[in-house]
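**Q** model the structure of this input:
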Amino acid sequence: MRLVKPSFEILSIMHKDGIFGTPLELIEKAGRTCYKSEDKLTKDSAIEFVKKINHLGHESVLEHSAMTVRFVCDRGVSHELVRHRLCAFSQESTRYCNYKGGVTFVIPPWLDDKKADREEYYLWSMSMKLAEDNYIKLLSLGWSPQQARSVLPNSLKTEVVVTTNFREWKHIFKLRTSNAAHPQMRELMLPLLEECKQIIPVIFDSI
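**A** A predicted model of the protein is given here:
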């Protein structure tokens, strides 16, 4: 049995320093079409333009650039992620992945893995061990991975790659970093939002 903490990795930002310019430059080029103000394009105009459209609520223009992120999280969190319908998802499949070599689980943030003598950590970790043992035993009895997965809990580690435009990322961050969001979702989304603010502050600073 392997225990891990959740994590994320930004895999790609559309047109980041590519042949079409930075994401902000691409957004500006698209957005100025609305106003026929392409003559105002300069090498430094993108930031102010995107700030203005953000302020005006003209967020549809943000849909012209996108970001791809790989999340390592538990199955429960992934079920919430895939409810965002304007995203493309590619997720680790429990139908086809065989975990006979050992199952990986994600430690919830409310459990301190450095204090394994605590009763609640003991109960959780023993539940994970029992699930792993039963899963592997069922495989040895001839069950396929898609059958044996029925004994695996929400804490099962999964990986999901998410691609969507910046407008939808703003929507996701607003929902999933709020105090009402699930603690495990906030554990993922709060540091991702902070990283996005460092990379493209003009889009995400308002959150």
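**Q** which regions of this structure sit below the pLDDT cut-off?
**A** Counting by pLDDT under 70, the chain shows low-confidence ranges at 15-21, 113-117.
**Q** got the buried residues for the lengthiest helix in the chain?
**A** As assigned by DSSP state H, the longest helix anywhere in the chain is helix 119-140. Neighbour counts using 16 or more other C-beta atoms under 10 Å place 121, 124, 125, 128, 131, 132, 135, 136, 138, 139 of helix 119-140 among the buried residues. Heads up, the C-betas are built off the backbone N, CA and C, glycines and all.
**Q** among the residues you listed, pick out the one closest to residue 111, please.
**A** Using C-beta to C-beta, residue 121 is the member of the buried residues of helix 119-140 that lies nearest residue 111, at 5.0 Å.
**Q** spit out the contact partners of the residue positioned nearest the centre of the chain.
**A** Nearest to the mean C-alpha position of the chain, by C-alpha atoms, centre = their mean, lies residue 71 at 4.6 Å. For residue 71, the contact set (C-beta atoms under 8 Å, 6 or more residues apart in numbering) comprises 6, 7, 8, 77, 78, 81, 159, 160, 161, 162, 188.
**Q** just to revisit the earlier point, chain center to the longest helix of the chain, what's the gap?
**A** Relative to its chain's centre, helix 119-140 lies at 27 Å (C-alpha atoms, centre = their mean, to the nearest Å).
**Q** now do the first helix or strand past that helix going along the chain: everything it contacts.
**A** Using DSSP states H and E, the helix or strand that follows helix 119-140 towards the C-terminus is helix 145-148. Under the contact criterion C-beta under 8 Å, 6+ apart, helix 145-148 has outside partners 94, 95, 96, 97, 98, 99, 135, 138, 139.
**Q** just put these in CSV and tack on distance to residue 201.
**A** Formatted as CSV, these follow (distance: C-beta to C-beta, whole Å):
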residue, distance to residue 201
94, 38
95, 41
96, 40
97, 38
98, 43
99, 40
135, 45
138, 50
139, 48
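**Q** my guess is residue 99 contacts residue 138. True?
**A** No. The pair residue 99 / residue 138 is not scored as a contact, 11.2 Å apart, by C-beta atoms under 8 Å.
**Q** quick check, residue 163 in a helix?
**A** No. Under DSSP: H, G, I helix; E, B strand; the rest coil, residue 163 sits outside any helix and is assigned strand.
**Q** and the residue of the chain positioned farthest from its centre, how far from residue 45?
**A** Within the chain, the residue lying farthest from the chain centre (C-alpha atoms, centre = their mean) is residue 39, at 37.7 Å. In this view, residue 39 and residue 45 are 11 Å apart by C-beta to C-beta, to the nearest Å.
**Q** what does residue 92 give?
**A** Here residue 92 is placed at a distance of 42 Å from residue 45 (C-beta to C-beta).
**Q** cool, residue 24 as well?
**A** 9 Å.
**Q** which one's more surrounded, the two?
**A** Comparing residue 24 with residue 45 by neighbour count (other C-beta atoms under 10 Å), the higher total belongs to residue 24, at 22 against 15.
**Q** gap between the helix or strand containing the more buried one and the chain center?
**A** Using DSSP H and E, residue 24 sits within helix 23-35. Relative to the mean C-alpha coordinate of its chain, helix 23-35 is positioned 26 Å out (C-alpha atoms, centre = their mean).
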